[in-house]
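Engineer: Any chance you can model this:
(one chain, ligands or ions: 1)
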Amino acid sequence: MLARLYSRSYTLSFKFVRPSLRSTIQAPTRSMTAPGAAAPSSNEQAVAALQPNQLFKFFAQLSDIPRPSKQEDRVLSWLKDCAKARNLETKQDKVGNLVIRRPGSGGGEQAPTVVIQGHVDMVCEKNKDTAHDFTKDPIRLVVKGDWLHAQGTTLGADNGIGVCTALALLDSPPTAKLPPLECLFTVDEETGLTGAFGISPDLLEGRTMLNLDTEDWGEIFIGCAGGGDNQLQLTMPMEDIGEGVASSSSQFVVNVGGLLGGHSGLMIAEGRGNALIILVRALRRMQAASAVRVCSLSGGDKRNALPREAQAAVVVPDADVPAIQQAIAQTVEELRVEYGLLEKVGAVCLRHPRHAWANKQM
Ligand SMILES: [Zn+2]
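Structural biologist: Okay, the predicted model is just below:
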């Protein structure tokens, strides 16, 4: 869920030899095989050698169950069967989200409850030449080198590996030192997060949640930025410059460029420059010094990127050109102090084809 805010992707393969994961999963002592699945399926055979063994065994069982978004009944009843086989309490809300509770153990009985969350649906994509019905057919797991793949389809590691990590925790031995767990399995993440949005407020008691639906290995996010778009349409008063002004003025371009830019969500906290803001600061300083007229203003090219470049065409009375030079120089000096070495390649300059003086590098 967190990562969703930045990108949309699905997992085609999953690397399984991860020491950090191995160390976080308790060694299994008994199986939680779904009722009725006596003989190991071909998926279970495919992952038999993988570690942590119990995690991948669950993943193989999960892969046998078709689970497109909005068709999660089968996977939810499998999870309920898993809970029943362990005498673990379950609760489900109206939209289908399921929680399985495990009391604290091994000394963690009094610890605050931890919610472990994953979503049960998966992105269903297949290669053109693969015959596969995501509503009926199991995902076919295959191990190639260090990687676990699916044959011709998406693997469903998003978020199957999160779901199975929760199951492996629920399957920990009674002596394992664990806090009370509420393993939350949400529905329909991939087509609009309707499960998470519709979660019943009384489904959970825990106030601490680990969301296992991530795309960045080894990183834990402790907060996130939301996303929102604003579209502002402003009507700008325009005026004709007139013959008199035109004959005693010159046109310049104020240019801001060479900034680092970057993702507006990821790099916003690094203090990087925003070319549009810098440009407007320069223009305000210029307008304080002279009757500068702005003819056009543009900058930035993506709504989720910090603007690296911006420019404005301005008309400056010829008599005020030295004052404008001064205003630009002051702005450049201010920026130098503000950004230090961070934006060392940044530039604010005035450009005019007939005035060599006008280029001032930051
Ligand atoms: Zn996901």
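
Engineer: can we go C-alpha only for contacts and neighbour counts from here?
Structural biologist: Will do.

Engineer: quick one: Val316 is in a strand?
Structural biologist: Yes: residue state for Val316 (DSSP: H, G, I helix; E, B strand; the rest coil) corresponds to a strand.

Engineer: beta partners for it?
Structural biologist: Ser250 (DSSP bridges).

Engineer: low-scoring stretches of the stretch 251-362 of the chain, by residue?
Structural biologist: 344-348, 352-362 (pLDDT under 70).

Engineer: Please name the residues that touch the nearest residue to Ile139 once chain neighbours are set aside.
Structural biologist: Among residues not flanking Ile139 along the chain, Ser63 sits closest, at 5.2 Å (Cα to Cα, 6 or more residues apart in numbering). Contact partners of Ser63, counting by Cα atoms under 8 Å, 6 or more residues apart in numbering, are 43, 138-141, 156.

Engineer: Going by proximity to the ion, name the top residue of the stretch 201-350 of the chain.
Structural biologist: Nearest residue of the stretch 201-350 of the chain to the ion, counting by Cα to the ion: Asp213, 4.9 Å away.

Engineer: What is the neighbour count of that residue?
Structural biologist: Using other Cα atoms under 10 Å, Asp213 is surrounded by 21 other residues.

Engineer: try the one 3 residues further on
Structural biologist: Applying other Cα under 10 Å, we find 9 other residues in the vicinity of Asp216.

Engineer: Give the helix, strand or coil label for Ala323.
Structural biologist: Under three-state DSSP, Ala323 comes out as helix.

Engineer: Report how many residues lie close to it.
Structural biologist: Around Ala323 there are 14 residues (other Cα under 10 Å).

Engineer: ok, and the closest non-adjacent residue to it?
Structural biologist: Ala289 (6.1 Å).

Engineer: which ones are touching that neighbour?
Structural biologist: Ala289 neighbours (Cα under 8 Å, 6+ apart): 320, 323-324, 327.

Engineer: Spell out which parts of the stretch 201-350 of the chain neighbour the ion.
Structural biologist: Contact residues, the stretch 201-350 of the chain versus the ion (Cα under 5 Å from the ion): Asp213.

Engineer: Tell me the confidence at the spatially closest residue to Thr175 that is not a sequence neighbour?
Structural biologist: Excluding the flanking residues, the one nearest Thr175 by Cα to Cα, 6+ apart is Gly106, at 4.6 Å. As predicted, Gly106 sits at a pLDDT of 97.

Engineer: pretty sure Gly106 is touching Pro180, no?
Structural biologist: No: counting by Cα atoms under 8 Å, Gly106 stays clear of Pro180, with 10.6 Å between them.

Engineer: Settle it for me: which of those two has more neighbours?
Structural biologist: Set Gly106 next to Pro180 and count neighbours by other Cα under 10 Å: Pro180 wins out with 20 against 12.

Engineer: what's the closest non-adjacent residue to that one?
Structural biologist: Gly104 (3.8 Å).

Engineer: so what's that neighbour up against?
Structural biologist: 110-111, 177-181.

Engineer: Alongside the ion, which residues does the stretch 51-200 of the chain contribute?
Structural biologist: 158-159.

Engineer: got the phi/psi numbers for the residue nearest to Pro180?
Structural biologist: As for Gly104, its main-chain torsions (degrees, to the nearest 10) stand at phi -60, psi 160.

Engineer: Please report how far it lies from Ala166.
Structural biologist: Distance of Gly104 to Ala166, given as Cα to Cα, to the nearest Å: 14 Å.

Engineer: ranges for the strands of this structure?
Structural biologist: 13-15, 89-92, 98-102, 114-119, 141-144, 147-150, 181-186, 208-211, 249-257, 293-299, 310-317, 347-351 (DSSP state E).

Engineer: tell me the most buried of these?
Structural biologist: strand 181-186 (a mean of 26; mean count of other Cα atoms under 10 Å).

Engineer: packing partners for that one?
Structural biologist: Packed against strand 181-186 by the contact rule (3 or more Cα pairs under 8 Å, 6 or more residues apart in numbering; DSSP states H and E) you find strand 98-102, strand 114-119, helix 157-170.

Engineer: do that again at 7 Å, thanks
Structural biologist: The contact analysis (3 or more Cα pairs under 7 Å, 6 or more residues apart in numbering; DSSP states H and E) places strand 181-186 against strand 98-102, strand 114-119.

Engineer: ok, that strand: who's next to it in the sheet?
Structural biologist: strand 98-102 (antiparallel), strand 114-119 (parallel).

Engineer: Dump those strands to a markdown table, plus mean pLDDT and distance to Arg285.
Structural biologist: Output for the strands paired with strand 181-186, formatted as a markdown table (pLDDT from 0 to 100; distance: least, Cα to Cα, whole Å):
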| stretch | mean pLDDT | distance to Arg285 |
| --- | --- | --- |
| strand 98-102 | 98 | 59 |
| strand 114-119 | 98 | 52 |
